[in-house]
Every structure is written in structure tokens, then in C-alpha cells.
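**Q** I'll drop the sequence and a predicted model, then ask my questions.
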Amino acid sequence: MTAFSERLISLREARGWSKTYVANHLGLKNMQTYANYEYGRREPDLETTTKLAKLFNVSTDYLLGRDPKEYDLKTADLADDDTIFTYKGQPLSDDDKEIIRRLMNGK
């Protein structure tokens, strides 16, 4: 079972909802489609994943099993990823990068 399917089950059960209730609110034609998401047999498309996140009042990152701290820019090692240090598609100078790092770290 994936983190995605485990989280779906947990969120649904915490609210006391049936699989049919969730399927109906997603606009699915039958409950089995939603059940297959929980069983890990199928994965929803992006639109349905977004609907699930809204229905359960969580982020899509949470549904997909992402740890929120894993992608915290303040703790990320930014030196290895210059792609985020661009302006209008052009690389920033090393001095500009250092200013951004200090701002992000609150120094």
C-alpha cells in the first residue's frame, strides 16, 4: 500500500465517510474507481487528486506522501541548485545569490 492510499483511507475514516460518499463528491460514476485509489490499484489524474485534497482539506503534497519539511527552502542546500537563482531566465551573480541566502536565513 502506498502513502497515498494509506492517507486516503485515514482521512476518509477520520471523517466517518463511506467510499460511496467520497466517490459521489468527486463526481465519479461508481464507488469502485475511488476504492481502487485506496487499494493502490489505480492512481487518480491530477484533477481528481486536486479534488481529493480540497474535499479532505489537505494539500496535494500531503496526499502524495511528501514530508513538508523535506522541501523547506530555508533548510535546503541551495548551493547545488542554481536553477532557482535566476531572474528572467538569467543566472544571478554569486553576490546576489549570497544576499538571497542571507535573507532566507534571516541574517
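**A** Okay, I see it.
**Q** please make it C-alpha for all contacts and neighbour counts, starting now.
**A** Will do.
**Q** show me where this structure has its helices.
**A** Taking DSSP state H as the criterion, the chain carries its helices at 3-15, 19-26, 31-39, 46-56, 60-63, 94-104.
**Q** would TSV of the ones you listed with mean pLDDT and distance to residue 88 be doable?
**A** Supplementary listing: those in TSV, determined by pLDDT from 0 to 100; distance: least, C-alpha to C-alpha, whole Å:
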stretch	mean pLDDT	distance to residue 88
helix 3-15	93	36
helix 19-26	96	39
helix 31-39	96	40
helix 46-56	95	28
helix 60-63	90	27
helix 94-104	81	14
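**Q** can you say which of those helices is packed in most?
**A** With neighbours taken as mean count of other C-alpha atoms under 10 Å, the helices of the chain reach their highest mean count in helix 31-39, at a mean of 18.
**Q** how far out from the middle of the chain is it?
**A** On the basis of C-alpha atoms, centre = their mean, to the nearest Å, helix 31-39 sits 20 Å off its chain's mean C-alpha point.
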